[in-house]
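In: My questions concern the predicted model and sequence given below.
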Amino acid sequence: RKKGPSRYWQRTFYWCVRPSLAITILLLLLIVASNQFLMETKGAVIESSSTPAATVKNEINDPPTETAWEYFRPGWNKSGSWNLIPGNGKTYDTLTDTPSLSRSLVEDPENRVDNEFHVPASLKSRVIFWMDVYSRYNSKVRIVHDRNNLDIIYGYIDFQPLYQQANQAAAADIRAKSIEKQILKDLKLRISETLGISKTTLLKDDERENIHALLSRAGGLNAKGAPWLLGSIRTQSGQSDMFLSAIYRSRHLLPHIESVFRQSELPVGRARIPFVESSFNVLAQSKIGAVGIWQFTPDTAKELIHADKEDLWAEPLQQTKSAARMLRRYRDVLPDWGSTITAYNSGVGRIRKLIKKHAIKKAEDLANLPNSGTGLGFAGKNFYSEFLAANLVEAYKEAIFRQLLTPTEFSLVFRKKGLLPKQTCDL
């Protein structure tokens, strides 16, 4: 073997320099890839909860992205009833034109729901909204609406084609968030143009008139109200597929839950709360650690079920017995069952303070409290409306879901019959 300085430098290059160069190149490639990923996902959000006035001014002059807008179905472009007549040679958008059963069923025409849970007039628009969420739109559809006035539906984002074409659901999720963010930005451009505070020229005259009519219900038809109006845009995912799964899962659980409620001298209508809390998913777990069909937090489970045996915390019947005791305890200190159900979601202490502060006598008044200073937020204000909607959708499930299912699927969910053995269905 050769010895000397030349051999020394050869060994140094072989063992040190060459691996270092390879590692450096690899790190550079990783940095470039991570930067690209961050650029794609940065700032993608499901909910646009607030938009400062300065942000609005920056957004309304940016050009829209047509590719993202193709996924949006504007609610102001609804076709006339002529398009709903079969055989007229025209097509219509199933998201915006298909008639909804919610407006007729919200009146409970066959008296299938407890009288105590008939929908009050002040909550009808909210309940109809949530009935459509549970029965009309699946989880690949986003409803774009005003968070304060659920009568205002700007339109629908239809991600169904995106997920049908995607090879991986995770990649489609990332793409959907990016598209949704851009659509919300483009929607603000169109609203701003309608209000006369934007320099864009995106709208045709008829579209401007339709948006103007839609916005007239919001009281935001001037430049002063634009930041408030644009800042209250929100999206809500459809849940019809999840609600169908909940109906199927509840077939064996619901009779036992109703039995527990009868023994506790509670109306059985309260047994529908798990439809809203967990979709009757025994394995459901929230971001804050709430578990089971009744979504007990660890502290609640320790107090009401068992201090140490965590395996019992999510057990459905154990939770049901504890939930019945909790609801009875809340009802003793609150004015009605509506406020009691709201307290189940938002906390009895908070609801009692709001009732005392605002002299509230019935649950629907909680939904109409001012946005600031209540601490309820969108979820708290809408929980009772969601419960009423779930009650109605479950009560009229056959009429609502018959048109969405094949005969085999319908028999599996509602008649406990089908082509598969019972053991497979239970599994």
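Out: Yep, that arrived.

In: can you give me phi and psi for residue 233?
Out: The phi/psi pair for residue 233 (degrees, to the nearest 10) reads phi -70, psi 140.

In: Kindly provide the whole-number mean pLDDT of the helix or strand hosting residue 126.
Out: Using DSSP states H and E, the element containing residue 126 is helix 124-135. The pLDDT scores in helix 124-135 average 95.

In: OK, contacts around residue 306?
Out: 312, 313 (Cβ atoms under 8 Å, 6 or more residues apart in numbering). C-betas here are computed from N, CA, C, even on glycine.

In: now for the helix holding residue 126, which elements pack on it?
Out: helix 102-105, strand 141-146, helix 240-263, helix 377-395 (3 or more Cβ pairs under 8 Å, 6 or more residues apart in numbering; DSSP states H and E).

In: Could you report the separation of residue 178 from residue 272?
Out: Distance, residue 178 to residue 272, using Cβ to Cβ, to the nearest Å: 36 Å.

In: who has more neighbours, those two?
Out: residue 272 (27 against 18; other Cβ atoms under 10 Å).

In: Residue 112 versus that one, what's the distance?
Out: Distance from residue 272 to residue 112, by Cβ to Cβ: 12 Å.

In: what does residue 211 give?
Out: Counting by Cβ to Cβ, the gap from residue 211 to residue 112 is 38 Å.

In: Looking at those two, which is more packed in?
Out: The neighbour count for residue 211 versus residue 112, taken as other Cβ under 10 Å, is higher for residue 211 (22 against 12).

In: which element is the more buried one on?
Out: Per DSSP H and E: helix 205-215 holds residue 211.

In: next helix or strand past that helix?
Out: Going down the chain from helix 205-215, the next helix or strand is helix 226-231, by DSSP H and E.

In: Who are the packing partners of that next one?
Out: Judged by 3+ Cβ pairs under 8 Å, 6+ apart, helix 226-231 is in contact with helix 53-59, helix 169-194.

In: deepest of those, which one?
Out: Counting by mean count of other Cβ atoms under 10 Å, helix 169-194 has the highest mean neighbour count of the helices and strands packed on helix 226-231, with a mean of 19.

In: What is the burial count for the closest residue to residue 191 other than its chain neighbours?
Out: Distances taken as Cβ to Cβ, 6 or more residues apart in numbering put residue 230 closest to residue 191, at 6.3 Å, once the chain neighbours are dropped. Close neighbours of residue 230, defined as other Cβ under 10 Å, add up to 26.

In: and what of residue 322?
Out: Counted with other Cβ under 10 Å, residue 322 comes out at 20.

In: how near is it to residue 302?
Out: From residue 322 across to residue 302, the span is 11 Å (Cβ to Cβ).

In: now do residue 341
Out: Applying Cβ to Cβ, the value for residue 341 to residue 302 is 23 Å.

In: Have a look at these two and say which one is more surrounded.
Out: When residue 341 and residue 302 are compared for neighbours, residue 341 comes out ahead with 26 against 15, by other Cβ under 10 Å.

In: Using just helix, strand and coil, how would you label that one?
Out: Classification of residue 341 by DSSP: H, G, I helix; E, B strand; the rest coil places it in helix.

In: Tell me the spacing between the closest residue to residue 213 other than its chain neighbours and residue 152.
Out: Nearest residue to residue 213, sequence neighbours excluded (Cβ to Cβ, 6+ apart): residue 76, at 7.4 Å. In this view, residue 76 and residue 152 are 10 Å apart by Cβ to Cβ.

In: Find residues that contact each of the two.
Out: The overlap between the contact sets of residue 76 and residue 152 (Cβ under 8 Å, 6+ apart) consists of residue 214.

In: check contacts around the closest residue to residue 363 other than its chain neighbours.
Out: Once flanking residues are discounted, residue 363 sits nearest to residue 338: 2.4 Å by Cβ to Cβ, 6+ apart. Contacts for residue 338 (Cβ under 8 Å, 6+ apart) come out as 362, 363, 364, 366, 384.

In: for residue 338, helix, strand, or coil?
Out: Classification of residue 338 using three-state DSSP returns helix.

In: Can we start the residue count at 53 from this point?
Out: Sure thing, new numbering starts at 53, so read that last one as residue 390.

In: Do you know the pLDDT at residue 426?
Out: For residue 426, the pLDDT comes out at 65.

In: Any regions of the stretch 153-302 of the chain where pLDDT drops low?
Out: Residue ranges of the stretch 153-302 of the chain with pLDDT under 70: 270-277.

In: and residue 342, how many neighbours does it have?
Out: The number of residues packed near residue 342 is 19, by other Cβ under 10 Å.

In: From residue 389, how far off is it?
Out: 22 Å.

In: What of residue 304?
Out: Plainly put, residue 304 is 26 Å away from residue 389 if you go by Cβ to Cβ.

In: Those two: who's more crowded?
Out: The neighbour comparison of residue 304 against residue 389 (other Cβ under 10 Å) goes to residue 389, with 21 against 12.
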